[in-house]
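Visitor: Compute the structure for the input listed below.
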Amino acid sequence: MKIPYFFPLSEAEIATIAGTTHVVCMPRRWRSFPAIYTSVSLVLLLLFCLSACAGTGTATTTNVQPLAVNGFGTASNHGHALLAMPDSSLLLATHFGLYRSTDNGRDWSGPDKTLGTMMASSLSSSPLNGHRIYVLAETTTSDQQGIVGLYVSNDEGESWQLGISATKTGGKMYTVVAGNSSIDEAYAYVPTKGAQGLLVSEDGGKHFTSPGPIPFGRINGIQPIPDAPGQVLIYSSDGAARSTDGGKHWTIIKSFTSSVYSIVTGGPKSPIYASSDLGIYASHDDGITFKQVYGQSRSALTAVPDEPLWLYGKTGRLVYKSEDGGHSWQALPAIQGNLENLAPDPHNVANLYLSLSYPMEIYHYDENSASWTSLTPKAQ
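Guide: Prediction:
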């Protein structure tokens, strides 16, 4: 290629710059070269380099897709709910789909074909029939496809049917929980409906109505009292309230003077526990009154069926267990990762399932060996 006469570099120097060299150094002889010619030469040099690069081939743009790190997908996946059932089934609701195991976590299938990769959350099984399970699904990214709303299973999560879409409930549901009056009863909360946001269904999630206004601007969750039809608790950043008529009327629970993050119970006639800003509280009168039993809070508070005094909870780094109704806590062996959901093992309540997030993982704790075992499936 012939280089224009007024270029103050040799062809060899130009070829070097237009090739693989990326650092341009000014030759010594340019120091005495008139400034106007230097400026023109620099412009032409840049044009030459761009032309040379463009002429080497056709430019292409490649969208790099993140790789799956395990059977639950990419490192950005995380858990929203975990449910362990007596028949050895596990359900894991994640940000990118619902996963299921039928053998205590040894093998996993998913994402569920009906829900696809929609975000799944708020798993709840009926205390009157464990085959009935509810889950919420919504789209959070442009590539997630499906109908946003409540989905219902009658076979412990093997198959799912749309119960009701968000377009028919006045907005997206924040949480759903199976009721205590019948297998077909379910409570849900739609924040965008304000004081009328608490909804109840008596036909298995096909239709919802508001039983009455709630006494808080927004609630964090709903806890029907097992084996006590119509009795239900709600909790919020402003405390908690109790209803004895399915949500038509509410009584503020005066025991709380701070935010309440969760209320749980292990079953009928068992204590009801709450986690708040001021620590752990317990009720022995179906939620009429609560008394503080521990001065520090625990997130993911989890009651254990058939063991009224057993509780699990976590902090940012450790999982804890209480065997005396929350009065004292012992840390389980540390595990590396972002701790997420807890679920007692139905076959041995001294054991525990734990999900981790970013990436999504699942572990099983065995009390006899005092160790964690990974149940995370490998990437396909």
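Visitor: check contacts around residue 249.
Guide: Residues counted as contacts of residue 249 (C-beta atoms under 8 Å, 6 or more residues apart in numbering) are 212, 243. Where C-beta positions appear, they are placed from N, C-alpha and C, glycine not excepted.
Visitor: Also the one 4 residues further on?
Guide: Shown here is residue 253, whose contacts under the criterion C-beta under 8 Å, 6+ apart are 233, 239-242, 287-290.
Visitor: Just list whatever residues bridge to it.
Guide: residue 240 (DSSP bridges).
Visitor: From residue 272, how far out is it?
Guide: According to C-beta to C-beta, to the nearest Å, residue 253 stands 10 Å off from residue 272.
Visitor: Check residue 225 too.
Guide: When residue 225 is compared with residue 272 (using C-beta to C-beta), they lie 7 Å apart.
Visitor: Common neighbours of those two, please.
Guide: 233, 265, 286-287.
Visitor: spatially speaking, which residue is in the middle of this structure?
Guide: residue 80 (2.8 Å; C-alpha atoms, centre = their mean).
Visitor: From the contact counts, what lies against the strand or helix carrying that one?
Guide: In the assignment (DSSP states H and E), residue 80 maps to strand 79-84. Packing partners of strand 79-84 (3 or more C-beta pairs under 8 Å, 6 or more residues apart in numbering; DSSP states H and E): strand 90-94, strand 119-125, strand 338-344, strand 352-357.
Visitor: Parallel or antiparallel, which strands does the shortest one pair with?
Guide: Note on strand 90-94: by DSSP bridges, its sheet partners are strand 79-84 (antiparallel), strand 97-101 (antiparallel).
Visitor: could you dump the helices and strands packed on strand 79-84 to TSV with mean pLDDT, distance to residue 299 and mean neighbour count?
Guide: Shown next, in TSV, are those (pLDDT from 0 to 100; distance: least, C-beta to C-beta, whole Å; neighbours: other C-beta atoms under 10 Å):
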stretch	mean pLDDT	distance to residue 299	mean neighbour count
strand 90-94	99	17	26
strand 119-125	98	16	22
strand 338-344	98	9	21
strand 352-357	98	13	23
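Visitor: Any chance of JSON lines for those, columns distance to residue 324?
Guide: Shown next, in JSON lines, are the helices and strands packed on strand 79-84 (distance: least, C-beta to C-beta, whole Å):
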{"stretch": "strand 90-94", "distance to residue 324": "28"}
{"stretch": "strand 119-125", "distance to residue 324": "27"}
{"stretch": "strand 338-344", "distance to residue 324": "17"}
{"stretch": "strand 352-357", "distance to residue 324": "17"}
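Visitor: Name the SS class of residue 167, please.
Guide: For residue 167, the assignment made with DSSP: H, G, I helix; E, B strand; the rest coil gives helix.
Visitor: contacting residues around it?
Guide: Counted by C-beta under 8 Å, 6+ apart, residue 167 has contacts residue 149.
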